[in-house]
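In: based on what follows, work out the 3D shape:
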Amino acid sequence: MKKAKRNAVLGLLLFALLTAGMVYTILCGLGETNAGRAEDIVLGLDLRGGVSVTYEIVEEDADDAAIAATQEKLQRRVDNYSTDGEVYREGSNRLTVEIPVDTSKYDPNKILDEMGRPGTLEFLDPTNYDLFAQGKEYTAALTGSDIKEAQGGIREDSTTGQKENVVSLQFTDEGAKKFADVTAANVGNPVYIIYDGKVASAPTVNEAITGGSAEINNISTYEEAESLASTIKIGALPLTLRELRSQVVGAKLGNDAVSTSLFAGAIGLGIVFLIMIIVFRFPGFLASIALSVYVILELFFLQTLHISLTLPGIAGIILSIGMAVDANVIIFTRIKEEIADGKTVKTAIKNGFSKAFSAIFDGNITTIIAGVVLLGMGSGAVKGFAKTLILGIVLSMFTALVVTRVLLNCFANLGVTNKKLYGEARHKKVVKFSRMFRFTGIISLVIIACGIGALFVNKSIDHRGSSLNYSLEFSGGTSTTVTFDKAYTLAEAESEIAPVIAEAAGISAGTIQIQTVDGTNQVVFKTSELDEATRTKVANALESKYSLTDDKIDSQNISSTISKEMQRDAIIAVVVASILMLIYIAIRFSDVRFGAAAVIALVHDVMVVFMVYSVAYLTVGGTFIACMLTIVGYSINATIIIFDRIRENLREMNVKQVGYETVVDTSISQTMTRNIYSTLTTFATILMLYILGVASLKEFTLTLIAGLLCGLYSSIFITGPLWLFLKKHIGRKESKDSKGSKDAGKTANGQLAKAKK
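Out: Have a look, this model is predicted:
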């Protein structure tokens, strides 16, 4: 006993030291690189501000080498603006550029122009330069593909100590030979460096240069040297690029999103702590400590794994906090049930974790499946959401199954075993949920029918003839979000601002879709697809008319080609996730009817939330995929709790005597409070994000709220009865005895007794 108490004290001290170390790490970091410091978490474009653009390669026969060379050239262009910028390949013929920069310091439209510009970089000897100046054909000694590296800097003469500004050049193997030939033939003459038809520099050749590297000196300023090096380094792109999608995010919008989302998350977490302590008493208090550890670990791994934090990513973190609570709710509910059965606190803790494990494991794995599908099929901010969701689920399992368990066992060994501190489950009256299935099924069908009906209504009133309010990701076009110095009504925006945009863009004001954002000074203008030059004119017109700065204007451009692909990917993602979940559940529960019932219930939840999009005419965009798959993952989690209890009761109850209806009704009644508490805690976090978060998250969180409530409804009224229906009518037919009645059970027992005599 003394040893157990000593170990418990040591365990709590070790936990306190590790927690203090983790807190220090996220505040100050470790080592010279400050690894783990929360301040250094990489922010995505939607939080930090910057430019994102996706290009399609025009050449159909482009090989991997040419694409890689183009990617490298684009990366060099990106490096001129930000060391955190990235160029990555999407699919077989696309390149995406992401540059997080302060748009108040850099002209985003100029960046977009420079990124996709094909560019021509040529080195000309005097003879060919004369031909070039006369507008005649000529032959370049070298081109941009012959340049390996260009770097501006300051060199100090080792003899005189005098400093001068220089540009250092390095050539490819083939370029080194060409440069050796042109310099050997032109000692004392200039070599002209031409970029995009203009002379960038004309240095005089002092000697033949054969070593594969050279230096341009006698440059007036360091800035001039840097600019020339940048021009040479950018060079010419080997392939022709066509812009498919672009986005400019103002830094101010991102800063506001971070602060408000974190504030909403903190309040939501506080509400969760309060609910857990009120409902589960002492274990709820320990769970709050474990959840705090979860948040610390989340911040640590976001930084060390270099996961970019996006706006939907913050929503993913807050959602995973709610799901972290879910595991604790399952465990504590089990512990209260064990105490009600007369078990000691220590035994109840042991049995509670043992019985809760399968439900927690299966529920989280199925949600991870949805996250993996998102990660594989999503893009941009959706991938950020998927990464944080998957990370959050893994950490939530760790904190619930390890951290909470260690704390509970330590305090139990120290004598904190008063049953009043843990609570005792009350006897639950079994409600005949299975008999309600006809009624609840009709309600669901009516709700879904309303959503389908709204599609026809929307199509008749929408000027585009669209059944849904597609955003740019799904319809193509240009969206400009402007933060004004005052709030405008929709009528004012249509009469005053739309004409300014229409004149600058050369389009009709009547074709501009306008949306005001409640509670902010933001107005969103959606137009047909505008090229970079036109977007610049629109931005300049707004800045001039309303005294705005670049960081107050957020523009996004998506071609119709990529929007159609996103529509297709959204459908495929939901289908793939559902199939994978069906397979997993069928294997884990050894009955395909469990999987079929779960997937049908998922389709039900998706259709109900789709009804919300349809009736409320909410924007269907990139986060629509994330929203739907999150609902799929969360709903399947609630469904598995029911199925896990049915699986357990099938083993423990005499099915022939009580019947499958009683098994289902008992299982739902036993888990109903758990479903309510889990939904309540997750609802609290999402609700705070909806109330306090930025405008761009409101529709996303609203549909998540609808999905949570729908998932609660379906887990209680649809899932179990649906499995019962499939059990009775699909597959192997049950015998009359297995259908069960109490009278049949009594008859069998009586016959057995006579045989013994």
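
In: and the strand or helix carrying residue 347, what does it pack onto?
Out: According to DSSP states H and E, residue 347 maps onto helix 345-377. The contact analysis (3 or more CB pairs under 8 Å, 6 or more residues apart in numbering; DSSP states H and E) places helix 345-377 against helix 311-340, helix 381-398, helix 404-413, helix 560-589, helix 622-652. Backbone N, C-alpha and C define where each C-beta goes, glycine included.

In: nearest to residue 460 among the ones you listed would be which one?
Out: Residue 460 lies closest to helix 560-589 among the helices and strands packed on helix 345-377, at 21.1 Å (CB to CB).

In: doesn't residue 155 belong to a strand?
Out: Yes: applying DSSP: H, G, I helix; E, B strand; the rest coil, one finds residue 155 inside a strand.

In: how much space between it and residue 138?
Out: From residue 155 across to residue 138, the span is 33 Å (CB to CB, to the nearest Å).

In: for the two, indicate the residue with more neighbours.
Out: Remark: of residue 155 and residue 138, residue 138 carries more neighbours, 17 against 14, as counted by other CB atoms under 10 Å.

In: ok so, going back, so which of the helices and strands packed on helix 345-377 is nearest residue 75?
Out: Across these, closest to residue 75 is helix 381-398 (CB to CB), at 19.5 Å.

In: what packs against the closest one?
Out: By 3+ CB pairs under 8 Å, 6+ apart, helix 381-398 packs against helix 251-304, helix 311-340, helix 345-377, helix 622-652.

In: got these as CSV, with mean neighbour count columns?
Out: Below are these laid out as CSV (neighbours: other CB atoms under 10 Å):
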stretch, mean neighbour count
helix 251-304, 20
helix 311-340, 26
helix 345-377, 21
helix 622-652, 25
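
In: any chance of these in JSON lines, plus distance to residue 599 and mean pLDDT?
Out: Below are those laid out as JSON lines (distance: least, CB to CB, whole Å; pLDDT from 0 to 100):
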{"stretch": "helix 251-304", "distance to residue 599": "30", "mean pLDDT": "82"}
{"stretch": "helix 311-340", "distance to residue 599": "20", "mean pLDDT": "80"}
{"stretch": "helix 345-377", "distance to residue 599": "11", "mean pLDDT": "86"}
{"stretch": "helix 622-652", "distance to residue 599": "9", "mean pLDDT": "79"}
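
In: same list (those) but as JSON lines, adding distance to residue 466.
Out: Below are the helices and strands packed on helix 381-398 laid out as JSON lines (distance: least, CB to CB, whole Å):
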{"stretch": "helix 251-304", "distance to residue 466": "27"}
{"stretch": "helix 311-340", "distance to residue 466": "24"}
{"stretch": "helix 345-377", "distance to residue 466": "23"}
{"stretch": "helix 622-652", "distance to residue 466": "14"}
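
In: enumerate the positions of stretch 584-600 that are buried.
Out: For stretch 584-600, a neighbour-count test (16 or more other CB atoms under 10 Å) marks 584-586, 588-589, 591-600 as buried.

In: the helices in the stretch 101-250 of the chain, which residues?
Out: 108-116, 126-133, 173-184, 222-234 (DSSP state H, counting those that start in this stretch).

In: of the helices and strands packed on helix 345-377, which approaches residue 127 most closely?
Out: It's helix 560-589; of those, that one is closest to residue 127 (CB to CB) at 45.5 Å.

In: the closest one vs helix 622-652, what angle?
Out: Going by axes from the mean of the first three to the mean of the last three CA atoms, to 10 degrees, helix 560-589 is angled at 10 degrees with respect to helix 622-652.

In: quick one: helix 560-589 to helix 345-377, angle?
Out: With the same axes, to 10 degrees defining the directions, helix 560-589 sits at 150 degrees from helix 345-377.

In: and the next element down the chain from helix 560-589?
Out: That would be, after helix 560-589 and using DSSP H and E, helix 592-615.

In: tally of neighbours for residue 414?
Out: Neighbour count for residue 414, taken as other CB under 10 Å: 14.

In: picking that back up, columns mean pLDDT, distance to residue 86 and mean neighbour count on top of the helices of the stretch 101-250 of the chain, output as TSV?
Out: Shown next, in TSV, are those (pLDDT from 0 to 100; distance: least, CB to CB, whole Å; neighbours: other CB atoms under 10 Å):
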stretch	mean pLDDT	distance to residue 86	mean neighbour count
helix 108-116	73	13	21
helix 126-133	92	36	15
helix 173-184	92	27	17
helix 222-234	81	17	19
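
In: those helices: which one's closest to residue 211?
Out: Across the helices of the stretch 101-250 of the chain, closest to residue 211 is helix 173-184 (CB to CB), at 7.5 Å.

In: need the pLDDT of the closest residue to residue 300 other than its chain neighbours.
Out: Leaving aside its chain neighbours, residue 300 sits nearest to residue 36 (4.8 Å; criterion: CB to CB, 6 or more residues apart in numbering). Predicted confidence (pLDDT) for residue 36: 82.

In: just list the residues touching residue 36, thanks.
Out: Counting by CB atoms under 8 Å, 6 or more residues apart in numbering, residue 36 touches 25, 26, 29, 30, 300, 303, 304.

In: thinking again about what came up before, ok, which of the helices and strands packed on helix 345-377 comes nearest residue 3?
Out: helix 404-413 (9.5 Å).

In: tell me how far residue 628 lies from residue 476.
Out: 21 Å.

In: what is the least confident helix or strand in this protein?
Out: None of the helices or strands of the chain scores lower by mean pLDDT, DSSP states H and E than helix 742-756, at a mean of 38.

In: before we move on, the earlier item: out of the helices and strands packed on helix 345-377, which comes closest to residue 105?
Out: Across the helices and strands packed on helix 345-377, closest to residue 105 is helix 311-340 (CB to CB), at 21.9 Å.

In: now for the closest one, which elements pack on it?
Out: helix 251-304, helix 345-377, helix 381-398, helix 622-652, helix 660-692, helix 695-717.

In: please redo it, this time with the cut-off set to 6 Å
Out: The contact analysis (3 or more CB pairs under 6 Å, 6 or more residues apart in numbering; DSSP states H and E) places helix 311-340 against helix 251-304, helix 345-377, helix 381-398, helix 660-692.
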